[in-house]
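# Compute the structure for the input listed below.
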Amino acid sequence: MFSVLPKADDAVIPLEKFTKYALNPNRQPNKAVAFALALGYNIGNASQLVELIRLNLKKFPASEKGDIGYGMRYEVTMNLIGVNGKTAKVLTGWIDDVSNGEMRLTSVYVDK
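This is a model prediction of the structure:
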């Protein structure tokens with residue numbers, strides 16, 4: 001049995017992390033292209049990617065990455081099937097934020 005991300009059921013995945021950052025070609029052109037090519041996601045269907053991550057979060061192991069003063073950080077790498085039918089490895093970063101007690105997505109990218 002592997003370790004599931006703590007508080008996975010209540011994990012916060014801000015849509016803005018995708019629409020204003022990871023899938024936004026003006027802010028992160030390399031990430032945006034990677035998600036579009038690998039899985040078929042863009043700003044227009046960002047909410048589907050958020051839901052896909054949420055649905056798969058407990059299916060893959062979480063590894064602790066240390067606490068640098070803001071809360072324990074975790075990494076979960078998932079094999080996801082995109083809207084284009086392709087499978088890609090997506091790395092997600094999380095923090096168990098000591099300031100408010102929430103487990104929150106901090107980073108996301110296609111892992112080559």
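# All the strands of this structure, in order from the start?
Applying DSSP state E to the chain gives strands spanning 62-67, 72-81, 87-96, 103-110.
# Need those strands in JSON lines (columns: mean pLDDT and distance to residue 50).
All C-beta atoms are positioned from the backbone trio N, CA, C, and that covers glycine. Converted to JSON lines, those look like this (pLDDT from 0 to 100; distance: least, CB to CB, whole Å):
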{"stretch": "strand 62-67", "mean pLDDT": "97", "distance to residue 50": "18"}
{"stretch": "strand 72-81", "mean pLDDT": "98", "distance to residue 50": "12"}
{"stretch": "strand 87-96", "mean pLDDT": "98", "distance to residue 50": "11"}
{"stretch": "strand 103-110", "mean pLDDT": "97", "distance to residue 50": "9"}
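# Please name whichever of those is nearest to residue 9.
Distance to residue 9, taken as CB to CB, is lowest for strand 103-110 among the strands of the chain, at 9.4 Å.
# buried ones in that closest one?
103-106, 108-110 (16 or more other CB atoms under 10 Å).
# For it, name the packing helices and strands.
Here strand 103-110 is seen to pack against helix 29-39, strand 87-96 when contacts are counted using 3 or more CB pairs under 8 Å, 6 or more residues apart in numbering; DSSP states H and E.
# Of all the strands of the chain, which one is nearest residue 24?
Closest approach to residue 24 among the strands of the chain is made by strand 103-110 (12.4 Å; CB to CB).
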